[in-house]
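Engineer: sharing a model prediction with you, sequence too.
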Amino acid sequence: MSLPSRHRATGTRRVAYSRFGLQVLAASIVAHAIQIVTQTAFPLLLVVNIAALFYLRWRATLYMRSGRADFDAVIAAEMMVAFGVLSLILGITSAVAPLFVGTASLRVDDLAALGPLATPFLEGLATAGLAPFFAVLLRIEAHEVETSFDSSVDISNLATATRDLTREVRAAFKAIRQLQESAQDATMAAHLLANEVRNDAGRLGQVFAVGESQLKQLGAAAETSTAEVARLANETAKLNTTTTEASAMLNALGDLIESVERFVKPTAKRP
């Protein structure tokens, strides 16, 4: 069930030329069997065999002109010759079989009695003679088909294709060369950039080292200024205490002066 669906999906099935050889073989065997059974004087075998030769020749011409890669005209011609030899052998068998079976008797003095026996042999002999002629015609036609093409045109097309291919190869080599030069330039630029980054990193490290030293100095100065500020705060506190004590002494002195003045002024008013 899967094969027919595959053939329907992929298109027309390609039939091998050997299939037609089997078909004409089956037809010839059937015709010889009919000849043996009926022992007719009608040239049945000759008609069937010649039709088979024409059929093989026609199919070979179609396959040859279609340019099928699985077809060989030489093998097809050999098949025709083999079919002729086979027809001769089957013709002799058809002529002799009735004698062994007992359905016919050999009477040399009676030509009418010899007719049904001699007919299959003569038909096979005629087919064996015609088959090589069909094979030669097929070989000639195959040669004509092969030499019908203008070789100068093919050579010209080949030269044009070769010239185009050479041009494309040269362009490809040029592009590869340019790519190599671009890669070299990019490599040099990358090295220069790496050196600049390395130098900048060194300078930046030096700047960081100087900054760190200055920060350490600033920290030491800050510690020193903190101690000085603490000392200043102590001196300020002492100055505040002294100022407070001086203010108290001034206040006491003021009170003393006022007491003296009150003591002196009443004495000054006496007569």
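Structural biologist: Nice, I can see it.
Engineer: quick one: the helices in this protein?
Structural biologist: Assigned by DSSP state H, the chain shows helices spanning 2-10, 17-38, 44-65, 73-101, 111-147, 151-268.
Engineer: contact partners for the residue nearest to residue 136 when sequence neighbours are not counted?
Structural biologist: Using C-beta to C-beta, 6 or more residues apart in numbering and skipping residues adjacent in sequence, the residue nearest residue 136 is residue 77, 7.4 Å away. Where C-beta positions appear, they are placed from N, C-alpha and C, glycine not excepted. When the contact criterion is C-beta atoms under 8 Å, 6 or more residues apart in numbering, the partners of residue 77 are 60, 134-136, 138-139.
Engineer: nearest to residue 228 among these?
Structural biologist: Checking the contacts of residue 77 against residue 228 by C-beta to C-beta gives residue 60 as the nearest, at 121.7 Å.
Engineer: would you point out which residue is most central in the chain?
Structural biologist: Centroid-nearest residue in the chain: residue 172, 21.2 Å away (criterion: C-alpha atoms, centre = their mean).
Engineer: report the two of the contacts of residue 77 separated the most.
Structural biologist: 60 and 136 (12.6 Å).
Engineer: neighbour count: these two, which is higher?
Structural biologist: For the pair residue 60 and residue 136, the greater number of neighbours falls to residue 60 (26 against 13), based on other C-beta atoms under 10 Å.
Engineer: the more buried one and residue 138 touch, don't they?
Structural biologist: Yes - taking C-beta atoms under 8 Å as the definition, residue 60 is a contact partner of residue 138 at 5.5 Å.
Engineer: report the set of residues contacting both of the two.
Structural biologist: Going by C-beta under 8 Å, 6+ apart, residues that sit against residue 60 and also against residue 138 are 73, 76-77.
Engineer: how about those in TSV, adding distance to residue 237 and pLDDT?
Structural biologist: Supplementary listing: the shared contacts of residue 60 and residue 138 in TSV, determined by distance: C-beta to C-beta, whole Å; pLDDT from 0 to 100:
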residue	distance to residue 237	pLDDT
73	129	82
76	130	85
77	134	86
